[in-house]
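>>> below is the sequence, then the predicted model.
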Amino acid sequence: MHELSICQALIKQVAVIAKQHNADEVSRILVQIGPLAGVVPELLERAFFVANKNTIAEHSVLVIESLPIRVSCDQCGAQTDAQANRLLCGKCGDWHTKLLSGDELLLASVELTTSTPIANTV
Amino acid sequence: MCQTCGCAVTHNTKGHLKKTEIVTEAVTVLKGLLAENDHQAAHNRQYFDSQGVLVINLMSSPGSGKTSLLEATIEVLRDELTMAVIEGDLETENDAQRIRAHGVEAVQITTGSACHLDAHMVHDALHDLTLAPLDILFIENVGNLVCPAGFDLGQHHNVTLLSVPEGDDKPAKYPVMFRAADLVLLTKIDLLPVLEDFKVSRAENYLRQLASAAPLSQVSSKTHEGLDVWINWLKDEVVRQQAWCNAGQDKNPMILPDRLEVQERAGG
């Protein structure tokens, strides 16, 4: 269950950004996760409900975007989709591949809410 | 107070203040979720390099023989190299005591319920160690084939153990862990004759399917069969680490360049 530690790190980062922007609340958090990051999106979501209590992210929505696994073949140069435990070239089947995407664990963006008093003529 | 809308503007002023306007702002971040851990890990690695010590992170399931491997390693290398061990477990000092019984310094980190070591825990443990005289610092991670792979500690190499009783398909079942390995050690090979279902070639095949070029070495800490390959690998890496340190270069483990690349790809 390292998802809780990851969630706590996430909220800490979000809180710093919110403070930098003088935000009152964080309304939405977008994270991008690849299957090879070793993080289960469902567990991260559940951990988020625990970790966000009494933080600036308490009322925010956590959106998790799953990224595909893509590899590039060192032998034939093809770029193909792959599975977490079969990172072989989809074209020639060779195992000498490099990961193009699929191990991301990124805080992509946050949506911040700020209430500003404004003057208005009646 | 204004009687019309309740704002703080008096009748003498012309405008009324609307209570508030809600402004929503989207901020692009594109930063690794473990940025704080990675930062600490980079700091640890810098410190290790400044002290000229090679740091090996040992990861595996519980009971696959990490401590036994270290005991056998210490017995063989004690006259040639100076070593110390950081032990990670949920509870007990048992493993650290086993290491200390061989006359080698060991610091025990008890994580309570945490399933992995992180860079901050290792940093705290470093306060109890004098690194300068060391050639190798082993970090024996918490026995777990899942979580430890995600946390950089500042090590130079990840060594993942796979013991024969666990079965030869572990790399296929735990791709994140085995993909992170710079070296995979097949341990308890003295059991191969009795556990005939285990095929070394199959284990290696599963490892290659993870696009991993990590060597697969076979070892028995009990009979010392194959131990020389592991010992020679360690000696070579100590020499290489010295060369890197002298040249002012860093050596990162397998798992790290990918994560950095990801951040570069993302522009973070």
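In hand now; what should we look at?
>>> in which helix or strand does the most centrally placed residue in chain A reside?
Note on chain A: the residue nearest the mean C-alpha position is residue A:31, at 2.1 Å, using C-alpha atoms, centre = their mean. If you go by DSSP states H and E, residue A:31 is part of strand A:25-33.
>>> and the strand or helix carrying residue B:138, what other elements does it pack with?
Element membership for residue B:138, per DSSP H and E: strand B:136-140. Strand B:136-140 sits against strand B:54-59, helix B:66-77, strand B:83-89, with contacts defined as 3 or more C-beta pairs under 8 Å, 6 or more residues apart in numbering or on different chains; DSSP states H and E. C-beta coordinates here come from the backbone N, C-alpha and C atoms, glycine included.
>>> put the alpha carbons of the longest one into CSV.
What that stands for is helix B:66-77. Taking Å, rounded to 0.1, in the frame of the first residue of the first chain, the C-alpha atoms of helix B:66-77 are listed here in CSV:
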residue,chain,number,x,y,z
LYS,B,66,18.9,-11.3,1.1
THR,B,67,20.4,-11.5,4.6
SER,B,68,21.9,-14.9,3.9
LEU,B,69,23.5,-13.5,0.7
LEU,B,70,25.0,-10.6,2.7
GLU,B,71,26.3,-13.0,5.4
ALA,B,72,28.0,-15.1,2.7
THR,B,73,29.3,-12.0,0.9
ILE,B,74,30.8,-10.6,4.1
GLU,B,75,32.6,-13.9,4.9
VAL,B,76,34.2,-13.9,1.5
LEU,B,77,35.0,-10.2,1.1
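>>> ok so, going back, now do the strand holding residue B:138, average pLDDT.
Mean per-residue pLDDT for strand B:136-140: 98.
>>> again, but for stretch A:90-109
pLDDT averaged over stretch A:90-109 gives 96.
>>> identify each buried residue in it, please.
A:90, A:95, A:97, A:99-109 (16 or more other C-beta atoms under 10 Å in any protein chain shown).
>>> filter those down to just the ones in strands.
The members of the buried residues of stretch A:90-109 that map onto strands under DSSP state E are A:97, A:99-101, A:105-109.
>>> and residue A:108, how close does it get to residue B:125?
Distance, residue A:108 to residue B:125, by C-beta to C-beta, to the nearest Å: 34 Å.
>>> quick one: low-confidence parts of the stretch 151-268 of chain B?
B:250-251, B:254-268 (pLDDT under 70).
>>> correction: chain A
A:1, A:118-122.
>>> for it, what's the longest helix?
Ranked by number of residues, the top helix in chain A under DSSP state H is helix A:3-20.
>>> any idea how far that helix is from the chain center?
12 Å (C-alpha atoms, centre = their mean, to the nearest Å).
>>> in it, what counts as buried?
Buried positions in helix A:3-20, judged by neighbour count with 16+ other C-beta under 10 Å: A:3-11, A:13-14, A:17-18.
>>> could you give the angle of that helix to strand A:25-33?
Angle, helix A:3-20 to strand A:25-33, by axes from the mean of the first three to the mean of the last three C-alpha atoms, to 10 degrees: 130 degrees.
>>> from the contact counts, what lies against helix A:3-20?
So helix A:3-20, by 3+ C-beta pairs under 8 Å, 6+ apart, packs with strand A:25-33, helix A:41-51, strand A:105-121, strand B:15-32, helix B:35-50.
>>> and those as a markdown table, adding distance to residue A:77?
Formatted as a markdown table, these follow (distance: least, C-beta to C-beta, whole Å):
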| stretch | distance to residue A:77 |
| --- | --- |
| strand A:25-33 | 26 |
| helix A:41-51 | 32 |
| strand A:105-121 | 27 |
| strand B:15-32 | 28 |
| helix B:35-50 | 31 |
